[in-house]
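> Output the structure for:
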Amino acid sequence: MRKQADADRLSAYKFSGLHPVYPLDLTDYAQITTITFQIKEMVNSCKIPPLYSIINIAGSGQIAPIKLMNINAYRQEFEKRLVGPVAILQELLPLLRVTHGRIIWIATPGLLPVQYVADIHTSDFAVNYLARTLNIELQPDGIHNILVHCG
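Residues are numbered from 1 along each chain as shown. So this is what the prediction gives:
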């Protein structure tokens, strides 16, 4: 989630096993670095259990014809769906190697062109191929990479 208020609301439910919840802007590399450092420190000091999964579901997208898309929002969509998650993986993969954990991507198939949703589908097309590439790269580490197609 991106907002502290949302993190606070989720934390208030007191779900067992739900460990510190942090708001995170995936377009802000400084936030990614800070949060991944905190997670590594908490796992290594046994303040939280080992890391078993990373779930990537970020994104919002704009519905508009390509000629009217906000180009800055389009750029941020790729940051949220691809660049930010890769930065997180680069930092946290060592923890997943220990547990032979899982990476879960939730994305549209992005296989067929549909008018007015190029923002969402072009980034999810890239997510599909990123996830497939990770399957190959992470197989020797025993890390399962799961791609869930929605929509």
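> Please tell me how far the residue nearest the centre of the chain sits from residue 123.
The structure's the chain has its C-alpha centroid closest to residue 56; by CA atoms, centre = their mean the separation is 2.8 Å. Here residue 56 is placed at a distance of 12 Å from residue 123 (CB to CB, to the nearest Å). Every C-beta, even on glycine, is put in place using the N, C-alpha and C of the backbone.
> now the strands for the chain?
53-56, 102-107, 144-149 (DSSP state E).
> What strands flank the first one, and is each parallel or antiparallel?
Right, the one you point to is strand 53-56. Next to strand 53-56 in the sheet, as set by DSSP bridges, lie strand 102-107 (parallel).
> can you list the residues that contact the partner strand?
52-57, 59, 81, 85, 89, 96, 124, 127-128, 130-131, 134, 138, 143-150 (CB atoms under 8 Å, 6 or more residues apart in numbering).
> Just the buried ones among these, please.
54, 56, 59, 81, 85, 89, 96, 124, 127-128, 130-131, 134, 138, 143-145, 147 (16 or more other CB atoms under 10 Å).
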